[in-house]
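Trainee: Dropping the sequence and predicted coords here.
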Amino acid sequence: MGSSTNELLTAEEIEIMQEIMNIAFGKSAADLAEVIDTHVVLSIPYIKCMEVTELPEYIKNDVKDYKNISIVEQGFWGKFRGDALLVFSSGSGKELITLLQQDQEVRAGHESESFDVLESETLMEVGNILIGACIGKVAELLKDVVTYTPPKVIVEKYYGDVISDAQYDPDKAAIVLRTDFRFDKGNVSGFLFLITSQESVSWLKQALTDFLEQYE
């Protein structure tokens, strides 16, 4: 396949993938609205192919204005495989607790829990919905079935300390699918990154072709 990351997907394939991501992000926003009575505003998905070594710098550049961030990270496995990284702006966890408490009597069940635990659980719950609905919809549209690794949560850390260069294999390329989001209630915003590896590319190309043929 050569070393050029530009060869991973053609312009047409990127366009189809953007359309699929639009549908998938819309599904995740709708699923979240059933839990929190708020509308999630999403940007147009952005897709970029790059060397894996460029990935940490790329993500850091997107989130640097937030300074401190919270992250929900979850791996997914199927023919479509990779990592989902949901990055929240500073203070989002506390805002989400407030939003959830407005809709349900959450506090009653959490009297004995520390605020830190509640914040972590709330970020994980929202992360599960956004990531699960988004990846699940992509898999459904591309006729795949995925399973997930348990999510990991990092709460309120300086962005430079939590996005490390060490966790990615330098010999691989990646396709990054990104959208930024904000809630129309509360001061909650962030980015959702789906990072899929070179291993998924040949399957993805065929799946996108099959997807397009349904509409021709």
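Mentor: Looks like it came in fine. Residues are numbered from 1 along each chain as shown.

Trainee: G26 is in contact with L42, isn't it?
Mentor: Yes - with contacts defined as C-beta atoms under 8 Å, G26 counts as touching L42 at a distance of 7.4 Å. Heads up, the C-betas are built off the backbone N, CA and C, glycines and all.

Trainee: If I look at M50, what pLDDT would I see?
Mentor: Among the per-residue scores, M50 holds a pLDDT of 87.

Trainee: Does it touch K172 like I think?
Mentor: No - taking contact to mean C-beta under 8 Å, the distance of 10.5 Å between M50 and K172 leaves them out of contact.

Trainee: out of these two, which sits in the more crowded spot?
Mentor: M50 (17 against 13; other C-beta atoms under 10 Å).

Trainee: Then that one would be within a strand, right?
Mentor: Yes - secondary structure assignment places M50 in a strand (DSSP: H, G, I helix; E, B strand; the rest coil).

Trainee: quick one: it and A173, what's the gap?
Mentor: As judged by C-beta to C-beta, to the nearest Å, M50 and A173 stand 7 Å apart.

Trainee: With E12 instead?
Mentor: Taking C-beta to C-beta as the measure, E12 falls 19 Å from A173.

Trainee: between the two, who's got more neighbours?
Mentor: Legend: neighbour count by other C-beta under 10 Å for E12 and A173, higher for A173 (22 against 11).

Trainee: and that one, how far is that from G26?
Mentor: As for A173, its distance to G26 is 28 Å (criterion: C-beta to C-beta).

Trainee: can you list the weak-confidence ranges in this protein?
Mentor: Along the chain, the model assigns pLDDT under 70 to residues 1-7, 102-113, 165-171, 216.
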